[in-house]
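S.K.: Okay, predicted coordinates and the sequence, questions at the end:
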Amino acid sequence: MSKAAAGSNNHNGNEMNSNQIESILQSQVRPRLSRATTMLSSTSQLDLHLLTGQYSLLLVASALLASNKLTGSVLKWARGVNDRDGVRVVGQDVVTVDLASQVRYVSVLVAASRAGHGHGQAVEHLATKLRKMSSLISDFRTFSRLWGLLGIAQWALDLAYSKKTTNVENDKDGNNNHESDEDDPVVKAITWAQVAVNVVMQPVENVAFLANHDVIDLGNNKNNKVYNISVGKLWRWSSRLWAAHLMLDFARLARQRHAGSKDDGVSKRNQEQWWREFVVDAANLPLALHWSAHDGFLPDLAIGALGTIAGGVRLVRLWHDASSRQG
């Protein structure tokens with residue numbers, strides 16, 4: 001093949017690659033970027049992304065620490081293996097006497113190799129950084145709720161004067177928006193109860209957050225107490241009120257489910273929305289109860305998993321809706 005022909009082929013190949021890249025950018029990358037920009041321009045949607053990221057980071061960090069702990073336990077067990085089994089761990093190596101023992105303890109060799117060369121310290125360092133990032137996101141989300149009473153006031157006005165009332169409260173679960181029928185007095189009563197709970201919860205959370213960051217001073221003593229109420233107690237009461245909000249939401253969902261069972265015209269989309277809200281509340285309720293207790297009862301791995309479910313369920317739907325509008 002001549003140099004001219006080879007050069008022509010290279011030129012055609014480069015042109016095809018360029019066209020393929022341009023096609024991918026136009027048909028896949030650009031629409032996704034546009035969708036993400038549109039979604040993140042909304043405060044509530046940004047909070048939903050942050051919520052999912054916050055708990056996902058905690059989940060990954062906790063999983064890394066659990067894996068590291070398991071590896072250390074396996075290595076510790078391996079070092080204690082009796083010589084009569086034909087295996088001895090020397091440093092970071094497994095020395096075997098016969099082939100049978102070598103096959104039997106191949107998993108020990110893997111664990112020992114992973115535990116060596118600072119692997120454990122590196123995992124702990126990464127997990128610490130992820131947890132700090134998760135905590136930072138949590139602080140940002142709590143800060144953004146300092147003016148949450150405005151959204152609650154709007155929610156109350158919508159409930160009082162609109163046929164369809166949208167729940168726009170900026171609560172801890174990332175704005176679990178839903179509509180309720182004014183025609184159903186039970187649902188309306190439940191929604192008013194949720195408004196009342198959030199009217200109390202939001203200031204309690206605001207005071208706890210600001211006092212926790214030394215923006216306001218709750219007292220003059222070292223325990224940072226006023227009226228014998230500590231910052232920790234304020235956080236717990238805020239979480240208990242959140243739990244009350246979620247339990248009321250379960251009551252609302254039960255009422256809507258009962259009404260829907262009598263209505264053959266309930267759409268598939270409404271059914272999907274009902275189940276989505278139920279799963280979100282079911283994931284959030286253990287978190288609210290955990291933070292309502294003095295010392296909590298959930299490990300970080302469970303907290304991360306539940307929070308990721310609560311955010312991820314709605315985030316997937318949000319991306320789907322954004323894709324449908326663009327399509």
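M.R.: That came in fine, so what should we check first?

S.K.: For the rest of this, base every contact and every neighbour count on C-alpha atoms.
M.R.: Will do.

S.K.: Could you pull out the strands in the stretch 51-200 of the chain for me?
M.R.: For the stretch 51-200 of the chain, the strands defined by DSSP state E, counting those that start in this stretch occupy 87-90, 93-96, 164-166, 179-181.

S.K.: average pLDDT across the second one?
M.R.: In other words, strand 93-96. The predicted model gives strand 93-96 an average pLDDT of 52.

S.K.: Then the last one?
M.R.: Taken as a whole, strand 179-181 carries a mean pLDDT of 53.

S.K.: Okay, residue 128 and residue 306: tell me how far apart.
M.R.: 20 Å (CA to CA, to the nearest Å).

S.K.: cool, and residue 193?
M.R.: 26 Å.

S.K.: more neighbours, those two?
M.R.: residue 306 (22 against 16; other CA atoms under 10 Å).

S.K.: in what helix or strand does that one lie?
M.R.: Using DSSP states H and E, residue 306 maps to helix 300-326.

S.K.: Is residue 314 in contact with residue 276, as I believe?
M.R.: Yes - contact criterion CA atoms under 8 Å: residue 314 and residue 276 qualify, at 7.2 Å.

S.K.: Specify the helix with the largest residue count in this protein.
M.R.: When the chain is parsed with DSSP state H, its longest helix is helix 43-79.

S.K.: Which strands and helices lie in contact with that helix?
M.R.: Helices and strands touching helix 43-79, as assessed by 3 or more CA pairs under 8 Å, 6 or more residues apart in numbering; DSSP states H and E, comprise helix 30-40, strand 87-90, helix 106-115, helix 119-144, helix 300-326.

S.K.: weakest of those in terms of mean pLDDT?
M.R.: Across the helices and strands packed on helix 43-79, strand 87-90 gives the lowest mean pLDDT, at a mean of 51.

S.K.: So, low pLDDT: which residues of the stretch 151-300 of the chain?
M.R.: For the stretch 151-300 of the chain, applying pLDDT under 70 flags the ranges 163-182, 219-228, 261-266.

S.K.: If we use 50, what do you get?
M.R.: 165, 168-170, 175-177 (pLDDT under 50).

S.K.: picking up where we left off before, any buried residues in the helix holding residue 306, and which?
M.R.: Across helix 300-326, burial judged by 16 or more other CA atoms under 10 Å covers 301-312, 314-315, 318, 322.

S.K.: between those residues, which is nearest residue 74?
M.R.: residue 301 (20.3 Å; CA to CA).

S.K.: who touches the nearest residue to residue 134 once chain neighbours are set aside in this structure?
M.R.: Closest residue in space to residue 134, ignoring its immediate chain neighbours: residue 54 at 4.5 Å, by CA to CA, 6 or more residues apart in numbering. By CA atoms under 8 Å, 6 or more residues apart in numbering, residue 54 lies in contact with 133, 134, 135, 137, 138.

S.K.: Quick check: of those, which has the highest neighbour count?
M.R.: Counting neighbours by other CA under 10 Å, residue 134 leads these with 24 neighbours.
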